[in-house]
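Engineer: model the structure of this input:
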Amino acid sequence: MKVKTLACLCALAAIPAFGTDAVTSANTFGVLKVTCSAQKVIIATPWVKCGDATAAVKVTDLVMTSGLENGDAILVYQDGGFRSWVISGGAWVPQIVSQTGQTVSSGDAASAAIERGEAFWFVKNSFTAGNTYDLYLYGQDTTAGATSMIAPGSSGTPAYSLLASPNTTASDLNAKNFSGTRNAADEIRVPRHNLPDLIYTYKDGQGWGTSVKTKVGSVYKKVWTLGCSIPAGTGFWYVSYGGTGTITW
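Structural biologist: Numbers count the residues shown, from 1 in each chain. Below you'll find the predicted structure:
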């Protein structure tokens, strides 16, 4: 997945003041091009609501319909289930998108808002392996910090949070501020097209890392290596088996 800022436009509203001065206000807006190479991808949320730098943007406003086709879908994961919208007649409409083994309901205005620090799924209706397609995300830029909320889970009932950095550069999660607790069984899972999820696990006093099967002498063993880099624009699942708290970007 590739991300590229196409434009940041400073929208100035000039109002004549008694014919001599002008009162101006400025908001910085952007269009982000995201090039995707899989039918189903996790997209990070880089912007906030236009005209309000503190408000979550509606996902149906964030994803521009330009270049999309009927049946293309977005899914937001909230409260243990997905809410979905599809393109129909050039507009986003609430409609259930079938997902094997998942609870899905049609989206509505109340569930459309998505915070920076969260992510959503985009599903291309018609896709051929080896091709790419572009998404265009529109919204207002902000310099405010962002946090991702980690839903608390347990060893018997893990909780899933769909999260992402709002920044347009890769993120080292070991360099980010975690508040709360992390359980040694917690996982960060990055979905990959036609490959198993890339899984990071946590070790106390060290951080996040991956376990890779490595040949040691005459046998293969799993070797854990420190490091957890999430590509720009890519979201991930935080699977909590006891961990809870926030990630500050």
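Engineer: how many neighbours does the residue nearest to Thr142 when sequence neighbours are not counted have?
Structural biologist: Nearest residue to Thr142, sequence neighbours excluded (CB to CB, 6 or more residues apart in numbering): Ala53, at 4.3 Å. C-beta here means a position set from N, CA and C on the backbone, and glycine is covered the same way. By other CB atoms under 10 Å, 15 other residues sit near Ala53.
Engineer: my guess is Ala53 is in a helix, correct?
Structural biologist: No: going by DSSP: H, G, I helix; E, B strand; the rest coil, the assignment for Ala53 is coil, not a helix.
Engineer: contacts only, for it.
Structural biologist: 27, 140, 142, 144 (CB atoms under 8 Å, 6 or more residues apart in numbering).
Engineer: quick one, helices of the chain?
Structural biologist: Counting by DSSP state H, the chain has helices at residues 59-62.
Engineer: what about Val31, neighbour count?
Structural biologist: 17.
Engineer: typo on my end, it should be Gln140
Structural biologist: For Gln140, the count of nearby residues is 18 (other CB under 10 Å).
Engineer: tell me how far it lies from Gly156.
Structural biologist: For Gln140, the distance to Gly156 (CB to CB, to the nearest Å) stands at 42 Å.
Engineer: just Val239 next, same as before
Structural biologist: Val239 is 13 Å from Gly156, by CB to CB.
Engineer: the more surrounded of these two?
Structural biologist: Val239 (21 against 6).
Engineer: confidence score at the more buried one?
Structural biologist: The score at Val239 is 97. That number is its pLDDT.
Engineer: who's in contact with it?
Structural biologist: 153, 158-160, 186-189.
Engineer: which of those residues lies closest to Tyr220?
Structural biologist: Glu187 (21.8 Å; CB to CB).
Engineer: the closest one and Ile199 touch, don't they?
Structural biologist: Yes: with contact defined as CB atoms under 8 Å, Glu187 and Ile199 form a contacting pair (5.5 Å).
Engineer: of the two, who's got more company?
Structural biologist: The neighbour comparison of Glu187 against Ile199 (other CB under 10 Å) goes to Glu187, with 20 against 13.
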